[in-house]
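> predicted model follows, preceded by the sequence.
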Amino acid sequence: FNHHLAALEGTTTPRAPDAWVIATFDNLAPTFEAHLRDLGYDVPRRLADLVLQHEPADREILDLGCGTGLCGAALASKRRHLVGVDLSPAMLEQARGRAIYDELACAEAHDWLARCEASRFDLVIAADVLIYIGALEELFAHVHRVLRPGGAFAFSTEERAGAPFTLQGTGRYAQSEEYVRNVAGPAMRVVRADPAVIRMESGIPVAGRLWLITKVDAT
């Protein structure tokens, strides 16, 4: 309730509350993929295609906010080891049914990353996860730490010019391109930042961006 109230009042918070995310996606899980098909939504596939153009096979992959496993399924041919993390138990049950993940964890992204060993992954992918996280500094720092040198971070954003990030009336966050580039900073190199229609909202295309950034090898 407080998250929706903040969105309607135009108050920008750092990220959506865990309880709101769990309730929202536990309720959506049984019909989630059918609903996405009705919307013509395909960000996981397009983001995976972006990765497939740039990343070699045999990767240690973290699917952050894995949901029902759409990204994992699209990247299964690339994996040596595939880990999925999501806050919604019901969404994880759907992902488990795909039988493609080597590990699945029910956890909040920042908390799980903070406990993860450094330099574990070659690739972190997060399709439509940052739309529930406004402030990106902490997340990017965690991702940078768990990536190996030269490792890649692929993610999608909704985009809005002006403020670094904004909580919209939909309950989702939008970040400006400049803000994302600034947070990536010199430690991460932007390889791709492709403009994209993320979804349709009441028949209106929602502007966003598909990103691929890599960890700079300090050595």
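Structure received.
> helix, strand or coil for L50?
helix (DSSP: H, G, I helix; E, B strand; the rest coil).
> same question, T170
Going by three-state DSSP: T170 is coil.
> for it, give me the pLDDT.
pLDDT recorded at T170 is 88.
> so what's the residue count around it?
14 (other C-beta atoms under 10 Å). Using the backbone N, CA and C atoms, a C-beta is placed for each residue, glycine as well.
> would you agree it is in contact with E201?
Yes. Using C-beta atoms under 8 Å, T170 makes contact with E201 at a distance of 7.0 Å.
> next up, the contacts around A152.
51, 54-55, 122-124, 191, 212-215 (C-beta atoms under 8 Å, 6 or more residues apart in numbering).
> ok, those vs N27, which is closest?
Comparing the contacts of A152 against N27 with C-beta to C-beta picks out V124 as the nearest, at 26.9 Å.
> ok, A207 - how many residues close by?
15.
> what about it, is that helix, strand or coil?
strand.
> could you point out the longest strand in the protein?
strand 188-201 (DSSP state E).
> strands paired with it, and their directions?
Paired strands of strand 188-201, with direction, are strand 204-215 (antiparallel) (DSSP bridges).
> show residues contacting the longest strand of the chain.
39-41, 43, 46, 50, 54, 128, 131, 140, 144, 152-153, 156, 158-159, 170, 177, 180-181, 184, 205-216.
> could you pull out the helices for the protein?
For the chain, the helices defined by DSSP state H cover 2-9, 18-28, 32-39, 43-54, 70-74, 89-96, 109-115, 137-146, 177-184.
> of these, which stretch is the most buried?
The highest mean neighbour count among the helices of the chain, using mean count of other C-beta atoms under 10 Å, belongs to helix 70-74: a mean of 23.
> who are the packing partners of that helix?
Packing partners of helix 70-74 (3 or more C-beta pairs under 8 Å, 6 or more residues apart in numbering; DSSP states H and E): helix 43-54, strand 59-64.
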